[in-house]
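Novice: Provide a 3D model corresponding to the input given below.
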Amino acid sequence: MVGGYPDGVPDDPFALYVRRYEALEGTVNLFETRLPGLSPRDIDQTLKVLREQLVEPRVIGDVAALRARVEDLTAKADEQKEAYRAQRAAAKEEALQARQQIVDEAENIAAQDIESTQWKQSGARLRELLDSWKEYQRGGPRLDKGTEDALWKRFSAARTAFDRNRRQYFAALDKRHAEVKRVKEKLIAEAEALNSSDDWGGTSQEYRRLMDRWKQAGRASRKDDDALWNRFRAAQQVFFDRRRAHDEQTDAQFNEALKAKEELLVEAEALLPVTDVAGTKEKLRDIQDRWAEAGRVPSRDVARVEGRLRKVEDALREAEEREWRKTNPETQARAQGMLAQLEDSITELEAQQAAAQTAGDEKLAKEVGDALATKKAWLEQVRSSIS
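Specialist: As a prediction, this is how the structure comes out:
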């Protein structure tokens with residue numbers, strides 16, 4: 001008995017119950033098709049419904065075969081549930097490892113040396129890690145509540161520690177910047193106090209010392225440091241602009257002196273060679289007086305012009321010495337005595353040389369001849385010194 005028709009039997013009384021069987025069979029087919037993608041919960045619910053529907057179905061069809069299929073699918077469903085649980089466990093383990101890596105990286109970021117931390121990059125990375133955590137929460141398998149809470153507590157503590165370190169670092173940095181700013185403002189005041197000085201060399205040295213102290217002071221904040229540097233350079237620039245103007249004026253004066261001294265050098269060098277010591281000395285003294293009055297020349301030309309004048313002075317000094325040697329009575333007396341001695345010695349050597357030649361002693365004759373040549377050279381030197 002599958003049913004009845006209280007209002008009369010239709011033309012095809014079995015068609016309804018055949019369709020019901022086909023519908024039930026379609027449900028089994030659909031379950032079989034979807035089985036690989038169903039969760040254990042969905043599998044159990046579907047099997048429960050199918051078994052209930054197959055207890056005493058009001059259908060016409062091969063119910064026994066359909067029941068057998070459901071039993072076969074039950075065995076497959078058990079395998080599918082085991083595979084699903086294994087897959088789920090693997091996914092949970094993967095999710096656990098991923099969360100653990102997020103926490104470990106966050107703790108490493110928080111544990112960085114406060115002085116070497118790249119705060120902008122590290123902060124951005126922590127935000128990326130937080131986004132990854134949220135993404136796992138939304139789309140990944142859920143962890144055990146205790147495990148997830150413990151990991152979140154560590155992650156949150158790392159973020160809190162990082163934020164605390166960042167606040168401390170920038171508070172200390174602000175303090176250092178304030179101290180550097182104070183020191184540099186003091187240096188600016190010193191630089192401004194010096195820029196009206198006319199002590200060109202001493203003030204230039206002092207500005208170099210100020211620059212050394214500026215470098216040692218460190219850096220203020222970027223905005224303040226640039227402004228402070230501009231003020232410091234401006235204070236120095238006032239002095240160096242004044243010094244440059246002074247140097248340009250001095251250079252003009254020095255160039256005039258150089259021109260005058262080069263003309264005097266032409267006069268001085270025209271006195272060479274020295275033939276009249278007294279006359280040359282008088283003319284050179286006049287040139288030296290005008291030389292001193294001409295003033296300073298550019299430093300690059302000092303050695304050149306002074307060297308040329310010194311050559312003239314040295315030539316005059318040598319001429320004076322030669323004249324003195326010729327006119328000095330004591331020198332003349334010594335020279336005359338030496339001259340007589342040399343002449344006697346030469347006469348004696350000439351006699352020895354002649355005797356050696358007569359005796360045929362060529363070696364002795366040569367030795368005497370060498371000594372004779374030396375004595376004659378000395379003789380010429382002494383004669384020239386007293387002539």
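Novice: what about residue 50, how many residues close to it?
Specialist: 19 (other C-beta atoms under 10 Å). All C-beta spots, glycine's among them, are computed from the backbone N, C-alpha and C.
Novice: ok, now which ones touch the nearest residue to it once chain neighbours are set aside?
Specialist: Among residues not flanking residue 50 along the chain, residue 70 sits closest, at 5.2 Å (C-beta to C-beta, 6 or more residues apart in numbering). Contact partners of residue 70, counting by C-beta atoms under 8 Å, 6 or more residues apart in numbering, are 28, 47, 50-51, 54.
Novice: Would you mind checking these for buried ones?
Specialist: Neighbour counting by 16 or more other C-beta atoms under 10 Å classes 28, 47, 50, 54 among those as buried.
Novice: which among those gets closest to residue 318?
Specialist: residue 47 (132.9 Å; C-beta to C-beta).
Novice: Which secondary structure element is home to residue 58?
Specialist: Applying DSSP states H and E as the criterion places residue 58 outside every helix and strand.
Novice: Wait, it touches residue 17, no?
Specialist: Yes: at 6.5 Å, residue 58 counts as touching residue 17 under the criterion of C-beta atoms under 8 Å.
Novice: circling back: now, which of the buried ones among the contacts of residue 70 lie within helices?
Specialist: Mapping the buried ones among the contacts of residue 70 onto helices (DSSP state H) picks out 28, 47, 50.
Novice: isn't the second one right up against residue 71?
Specialist: Just to be clear, that refers to residue 47. No: taking contacts as C-beta under 8 Å, residue 47 lies outside contact range of residue 71: 9.8 Å.
Novice: burial of the closest residue in space to residue 16 that isn't next to it in sequence, as a residue count?
Specialist: Nearest non-adjacent residue to residue 16, counting by C-beta to C-beta, 6+ apart: residue 3, 7.6 Å away. The number of residues packed near residue 3 is 12, by other C-beta under 10 Å.
Novice: How about the secondary structure of residue 3?
Specialist: Using DSSP: H, G, I helix; E, B strand; the rest coil, the structure places residue 3 in coil.
Novice: Name all residues that make contact with it.
Specialist: 16-17, 58.
Novice: Pull out the buried residues from these.
Specialist: Looks like the contacts of residue 3 have residue 17 buried, using 16+ other C-beta under 10 Å.
Novice: could the contacts of residue 3 go into TSV alongside distance to residue 200 and pLDDT?
Specialist: Below are these laid out as TSV (distance: C-beta to C-beta, whole Å; pLDDT from 0 to 100):
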residue	distance to residue 200	pLDDT
16	121	89
17	122	91
58	120	90
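Novice: what's the closest of the contacts of residue 3 to residue 139?
Specialist: residue 58 (44.4 Å).
Novice: Once you drop chain neighbours, what's closest to the closest one?
Specialist: residue 2 (4.9 Å).
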